[in-house]
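# Whatever this is, show me its structure:
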Amino acid sequence: MESRFGTWSVIAALFLTACGAAGPSATPLDSTQSPGTSPTVEATLTREPSRQSLTLWVPDTFSPEVPSPAGSLLADRLASFEETHPGVDLAVRIKDVGGPAGLLDTLAAVSVAAPAVLPDVIALDPVALSAATIKGLIVPLNGLVVEPASPEWYAHALGVSSSEGEFFGLPFAAEAEILSYDLTRYPRPPLSWAEILAGPAPFVFPAADPYALFTLAEYVSLGGSLTDESGRPSLDAGILTEVLSFYASSRAAGVIPLSARQFAADSDTWAAVRGERAAGGTAPLSLFLSQHDPEKEAALPLPTKGGAGICFAETWSWAIVSQDAEHQRLSAELIVWLSEPEFLGPWTNALGLLPPNRSALGAWPGGLDRSIVSRLVSVSRPTPPGEVLVTFGPPLQAAVEAVLSGGATPDAAAQAAVQLISSP
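So this is what the prediction gives:
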């Protein structure tokens, strides 16, 4: 799918020919011109400057053709880039997020089969960005774009842009896993485990999530490490037991229902909260912001033992593919153009996603949504890399299942998970 923006001017060349006087309709001679001579006329041919085309690949979420405020904002921004860069045409092609027709797989296939049709710029999630970096499918941005740095850029964005001293992606927006809850049922915001345990029932999280993101977040919030001193994958059995004990206590109190084992994604638990089948539960930020009733539902970072909160965020980044120096320069100008706060603030607001830096959040309109996001970015951190999720997800999910079903004590389930992780 391709979208083009801007108005192209057509420059026509005007050729003037000299003509002598002939009959009553002839042009009179200039008074300084000798009879019998023709006036000298300069014919100037103006050549149309050579045009350059930049191609962007994005998923449907960021399509400028979607009839939505976010789509319109991006379409207008791309058009303004063309207007300020005469001779540059932008083409946007929409790809799936994953799978054979997804951004990463298509990029890898085209780089071998038809490199001439590779994009100049591509939007990638953290897993795809890491894979594209390893495979050499994208170019380092060092020397092309100023590298993001703290304190202007939030932790969840900084954690995904660099690899081994080089940075390959310019972060622009992030999905986040948050806590949603029914304002009419909770007497106060459920920030801590104790407030969840003492609160209304049911509270749900995706216990069937194969990556066990909620459990991983709770484990990390307690200072749990994911590697041993040698850098090998490992779990702290004591910390994991503490997390699983919270689940066991909540299950015994009737707060976490057995049906939590049926939820595999945050969108499922958010549907339960929105449909009044749960008093509280996890939710994707984008769905919450686009669907919630401000009079009824509120949002917080995920609850933690001490109440400080935690928020895993999956950050999307712009990356440059082109190997051509001039296209790299223009592509860098484009992604910087798309990162200016006056655009990135309203765009991330319209998308319902976390902005990557303080200036972009500062461009959000005031109100409840900005207040929610301000709290989230204060405790946000990158979602663990794909290889971590693949390694730790199944053992953690099995431990959660064992505890909620009553098949194992928290300590036994934690020890089993540790054994699975440490097995060669």
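
# neighbours around the closest residue to Arg358 other than its chain neighbours, how many?
Leaving out its chain neighbours, the residue that sits closest to Arg358 by Cβ to Cβ, 6 or more residues apart in numbering is Glu152, at 5.6 Å. C-beta: built from backbone N, CA, C; applies to glycine. Residues near Glu152, counting by other Cβ atoms under 10 Å, number 13.

# What's the separation between Glu152 and Leu285?
In this view, Glu152 and Leu285 are 21 Å apart by Cβ to Cβ, to the nearest Å.

# I'd like the distance between the residue nearest to Arg358 and Asp369.
21 Å.

# and the closest residue to Pro210 other than its chain neighbours, what element?
Of all residues not flanking Pro210 in the chain, Gly393 sits nearest, at 5.3 Å (Cβ to Cβ, 6+ apart). Assessed by DSSP states H and E, Gly393 sits inside helix 386-404.

# Kindly report the same for Cys311.
Assigned by DSSP H and E, Cys311 belongs to strand 311-320.

# Indicate each strand paired with that strand and its parallel or antiparallel sense.
strand 121-124 (antiparallel), strand 170-182 (antiparallel), strand 380-382 (parallel) (DSSP bridges).

# quick one: contacts for the residue positioned nearest the centre of the chain?
Central residue of the chain (Cα atoms, centre = their mean): Trp316, 2.8 Å from the mean position. Contact partners of Trp316, counting by Cβ atoms under 8 Å, 6 or more residues apart in numbering, are Phe62, Ala123, Leu124, Asp125, Pro171, Phe172, Ala173, Ala174, Leu353.

# As a markdown table, those residues with pLDDT and neighbour count would be great.
Shown next, in a markdown table, are those (pLDDT from 0 to 100; neighbours: other Cβ atoms under 10 Å):
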| residue | pLDDT | neighbour count |
| --- | --- | --- |
| Phe62 | 98 | 20 |
| Ala123 | 98 | 25 |
| Leu124 | 97 | 28 |
| Asp125 | 96 | 23 |
| Pro171 | 98 | 28 |
| Phe172 | 98 | 25 |
| Ala173 | 98 | 25 |
| Ala174 | 98 | 31 |
| Leu353 | 98 | 26 |
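
# thinking again about what came up before, tabulate the strands paired with strand 311-320 (a markdown table), appending distance to Val146.
What follows is these, written out as a markdown table (distance: least, Cβ to Cβ, whole Å):
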| stretch | distance to Val146 |
| --- | --- |
| strand 121-124 | 17 |
| strand 170-182 | 9 |
| strand 380-382 | 20 |
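
# hmm, back to that, skip ahead from the helix holding Gly393 and say which helix or strand is next.
Following helix 386-404 in sequence order, the next helix or strand is helix 410-422 (DSSP H and E).

# ok so, going back, which residues touch the residue nearest to Pro210?
Residues near Gly393 by Cβ under 8 Å, 6+ apart: Asp209, Pro210, Tyr211, Ala212, Leu213, Leu216.

# Most neighbours of all those, which one?
Ranked by the number of neighbours (other Cβ under 10 Å), the contacts of Gly393 place Ala212 first, at 26 neighbours.

# right, and Arg199 touches Ile256 too?
Just so we're on the same page, residue 199 is Gly rather than Arg. No. The criterion here is Cβ atoms under 8 Å, and Gly199 misses it with Ile256 at 11.2 Å.

# what about those two, which has more around it?
Comparing Gly199 with Ile256 by neighbour count (other Cβ under 10 Å), the higher total belongs to Ile256, at 26 against 21.

# Tell me the secondary structure at the more buried one.
coil (DSSP: H, G, I helix; E, B strand; the rest coil).

# That one touches Pro206, doesn't it?
No. If you go by Cβ under 8 Å, Ile256 and Pro206 don't touch, sitting 11.9 Å apart.

# Of all pairs in the contacts of Trp316, which one is the farthest apart?
Leu124 and Leu353 (14.8 Å; Cβ to Cβ).

# ok, back up a step: just give the nearest non-adjacent residue to the residue nearest to the centre of the chain, would you?
Here the residue nearest Trp316, using Cβ to Cβ, 6+ apart, is Ala173, at 5.2 Å.

# Repeat that for Trp153.
Asn357 (4.6 Å).

# Thanks again, I'm all set now.
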